[in-house]
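In: just coords:
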C-alpha cells in the first residue's frame, strides 16, 4: 500500500493517462521510465538498472501490471497500491545474461495476456528502455503495432496536484536549507568534496517531518576554471580566495525535485561578476513577470532575452524546463523547455526550473528558481537571496 | 588533460578495444555508456542525461571523437586527454526538442567523416542509448550496417590495470570506513534518512588523499520488513530495538566502485539470523576458495551452493558480478556473473562483488566482499569483520 498519495489520486492519474492513450489510438502502454512507473503505481526502489515496466491497458476495468525482476517484486507490495496479483516477477536467470533478455520473458507474458496484434505504445527515448529491449518485445509480440508513446505520461505529469505541490514545496524549502549549508561551509582551504559531503547530508536528512531523497541531479559545484562548463564533478581541490563558485543544488521529497542555483564569491566580487549577476537578476524578474497560464514558453525566453540584448549579453541555451518527479540522471521532466520559439502554452500548476546559467570563458555564474505557474502569474517555490553571495 | 590515468594507459585501452573491433569486424564503434566513454577518453561529468557519445575508428592513426551537447563540450578539455579538435558539440536547439533529436545531428556529422556504408558497432542494451537514438542514426547513415557491440568495451574493462586497482583499493578502504560510520550511527530512535546522510557524507568526503564519488548504487538500508526486498529507498522511519538491518554500502574513487554489505542487529540476534549468517559466512569462504584464474564463474557459485545445500538453505539469484568503473544506476559491469552454469573463465585482476544476500519472508541479511582475482586465488579488497554486528 502506498502512503505517498491517496488511492483516488492514482486512479485519477490512470484515468488521465488512458484519455491520452485514447487520443493516441493505443490499446496498451508499456512504461519503463521509473518516474512514470512510480507516478501510476507508487512503486519505489533502486531496481531500474534491470529491465522492468508497468503495463497499462486502455480497458478502464483493468489495473496496471508491474513486471520486474523476481527479487524486486517483493518491493512492490511495500510501496505500491497495486494488489499482489498485479505484480509479476521474471526469473533471475534473465538478469544480465548473454543468451537471453528480460524483455523476451516479458513479451511472452504479455502475449499470454492478449497484447499481440494490438497497438502498443512504448517510450522510444527514455533512459531505461534500450534498442535490444524493443527488439525482444517485437520478436515476442510479432503482430503488435509499436507506436512511440515517449513523454505521454510526462505530459500528464506536467500539471501538478495539490498533493504533489506539497512535496515540491517540501523539496524547495529543503533546497534553501541545502544552499545555506553550502554557503556556510565554503571558504578558502576547504575541499570541494567535503563541501559536497555536507550538501548531500543536508539533502538526504530532509527536515523533521520528511526524509530527503538524493535529487535526480547531484550537486554541481562550478569553481574557478570548472565554472566554464555546467556539469563538472566535484574534486578534492581547495576553494581559493578571490574565486567565484556557482552552485546548482536542490532537494527532493518522494522523488519530487526542486532546483536552486546561486553564486558565491570568496572575497570582493569583481565588477564583471556583479554586472553579469545584476543583468541576470533583471532578466529573471522579466522572465517571472512573463509567466502565466496561456503564455507560450518561448515568450518567457523572449522576455529574458530582451533584457540580455539591452545589456549586450548572450546565452544560447534554454533558460528552463519542467521539473518535478524524477530519478537519476535528470530532474527535468523533458516536456516544457523555456527556449526561443517554443510554442507550448504554460498551464496553471506546471512547475519549472528557471535556470539562468552563464558559462563564460574560464568562469561562470548561475541563478535559478523553482517556479509554479499560478492562476494569474508565477510563484517562486524556492526562496533564497538572489544577489552574489560573498564569503571570506 | 586527464590526470586520472597516464596517457599510455588510455592508448593501451584504445589498442585493446580496436583489437576487439577487429575480431567483431567493425569499422567504427559508437559508445554511449558513460563508463565506456570515460574509459577511453577520461571524459567526466554529469552530462549523460542528454545524448552524447565517443566515436572510435578502427584506423589506428586516428583518435576518438567526443560528441555531445555544446555546453558540455567545455568539460572535455578539463577532464579528457583528447585534443580540442576531437571534441564536437551539437547545437542547443537539439536538446529535448519535440521535432528533432541530437542523434540526427550526430549522424550527419559522422556522415561527413565517412561513417556511411561502413560496419558500425553500437551498444544495443546500454542505459543511455534509446531506440529513438538508434533510429535517428540509421536514418542519417542509411548505408551503414549496424552491429551490436554491447559490452565490447565492458569486456576489455574486465581485467583491471595496476592504476585501476589503486582506485579500487581506495574505494574498498573507504567502503570500510563508510560501513563503520553506519554501524556507529544506527541505534533505536535514529531515523533511516539521518543515517544515510552520514553514510553518503562519508562516501563523498573520501579520505585525506582523494575525493569520493557518489557510488553508482546509492546506499541500500534494509531494515525490518523492508529487509525482504533488496533495493528499497530509505525513509524517515526510526530504527527499532530487536530489528535486523542489512546494509549494502560501498564507495567510489574516480568512478571505480567497491561494494560492501554487512548485517546489524539491534539487541540480541535471534537464532535464525545467527544460523543463516554462519552458513553464509561458510559459503563465502567456500566461494572465495574456489576463485582463481581459469575457473568458470559457475564453479564459484557451485562451491557456495554446496554449502547452502548441506544446511538446507536456498538462494535463487546470482551471488556476484563484475564491479569496477560505473555510473548510476549500476556499479556492476554487466560482464561476469557468478551464477549456476556460467562458463566465463575468471582471469587475474578481474574484480568482482561477491554479494551474498538472503532476502527471506519479512527479513533479510547480507554479507559481501569486493574481490580481486590474483594469480593463484582471490584477494578481498574490502576488509571488515564478517559476523553479525550487534548494536544496542
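Out: Sure, I can see it. The model shown is predicted, which means the values in this text are computed figures rather than measured ones. Residues are numbered from 1 along each chain as shown, chains lettered A, B, ... in the order given.
In: Look up the closest residue to residue A:118, ignoring the ones flanking it.
Out: Among residues not flanking residue A:118 along the chain, residue A:27 sits closest, at 4.0 Å (Cβ to Cβ, 6 or more residues apart in numbering or on different chains). For glycine as for every other residue, the C-beta is placed from the backbone atoms N, C-alpha and C.
In: Residue A:57 is in contact with that neighbour, correct?
Out: Yes: using Cβ atoms under 8 Å, residue A:27 is in contact with residue A:57, at 7.1 Å.
In: Now do residue A:70: how many residues are near it, please.
Out: The number of residues packed near residue A:70 is 16, by other Cβ atoms under 10 Å in any protein chain shown.
In: what's the neighbour count on the residue nearest to residue A:118?
Out: Neighbour count of residue A:27, defined by other Cβ under 10 Å: 18.
In: ok, now which ones touch residue A:91?
Out: Applying Cβ atoms under 8 Å, 6 or more residues apart in numbering or on different chains to residue A:91 gives the contacts A:70, A:105, B:316.
In: Tell me the confidence at it?
Out: Looking at residue A:91, its pLDDT is 96.
In: And for residue A:364?
Out: On pLDDT, residue A:364 comes in at 89.
In: Check which helices and strands the helix or strand encompassing it sits against.
Out: Element membership for residue A:364 (DSSP states H and E) is strand A:363-373. With contacts defined as 3 or more Cβ pairs under 8 Å, 6 or more residues apart in numbering or on different chains; DSSP states H and E, strand A:363-373 has these neighbours: helix A:162-185, strand A:244-253, strand A:256-266, helix A:271-290, strand A:320-323, strand A:351-360, strand A:378-380.
In: export those to CSV and tack on distance to residue B:366 and mean neighbour count?
Out: Output for the helices and strands packed on strand A:363-373, formatted as CSV (distance: least, Cβ to Cβ, whole Å; neighbours: other Cβ atoms under 10 Å in any protein chain shown):
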stretch, distance to residue B:366, mean neighbour count
helix A:162-185, 30, 20
strand A:244-253, 26, 26
strand A:256-266, 29, 26
helix A:271-290, 48, 18
strand A:320-323, 35, 26
strand A:351-360, 37, 24
strand A:378-380, 44, 18
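In: Sheet-wise, list the partners of the strand holding residue A:364 with their directions.
Out: Partner strands and pairing direction for strand A:363-373 (DSSP bridges) are strand A:351-360 (antiparallel), strand A:378-380 (antiparallel).
In: Save those as a markdown table, and put in mean pLDDT too.
Out: A markdown table is the format used below for those (pLDDT from 0 to 100):
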| stretch | mean pLDDT |
| --- | --- |
| strand A:351-360 | 94 |
| strand A:378-380 | 98 |
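In: could those strands go into a markdown table alongside distance to residue A:340?
Out: As requested, the strands paired with strand A:363-373 are exported to a markdown table (distance: least, Cβ to Cβ, whole Å):
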| stretch | distance to residue A:340 |
| --- | --- |
| strand A:351-360 | 15 |
| strand A:378-380 | 19 |
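In: Quick one: residues contacting the most far-flung residue of chain A relative to its centre.
Out: Largest separation from the mean C-alpha position in chain A: residue A:268, at 35.2 Å (Cα atoms, centre = their mean). Neighbouring residues of residue A:268 by Cβ under 8 Å, 6+ apart: A:242, A:390.
In: give me that answer again for 6 Å
Out: Residue A:268 makes no contacts at all, as judged by Cβ atoms under 6 Å, 6 or more residues apart in numbering or on different chains.
In: re earlier: who's in contact with the strand holding residue A:364?
Out: For strand A:363-373, the external contacting residues (Cβ under 6 Å, 6+ apart) are A:172, A:222, A:227-228, A:244, A:246, A:248, A:258-259, A:261, A:263, A:276-277, A:280, A:346, A:348, A:350-358, A:378-382, A:386.
In: Check the gap between residue A:292 and chain B for me.
Out: 22 Å (Cβ to the nearest Cβ, to the nearest Å).
In: Next up, the contacts around that residue.
Out: Applying Cβ under 6 Å, 6+ apart, we find residue A:292 in contact with A:376-377.
In: cool, and residue A:113?
Out: With contacts defined as Cβ under 6 Å, 6+ apart, residue A:113 has no neighbours.
In: pLDDT value on it, please?
Out: pLDDT recorded at residue A:113 is 95.
In: what does residue A:228 give?
Out: In the predicted model, residue A:228 carries a pLDDT score of 81.
In: thinking again about what came up before, any idea how far the residue nearest to residue A:118 lies from chain B?
Out: 19 Å.
In: measure that residue to residue A:13 for me?
Out: Residue A:27 is 19 Å from residue A:13, where distance means Cβ to Cβ, to the nearest Å.
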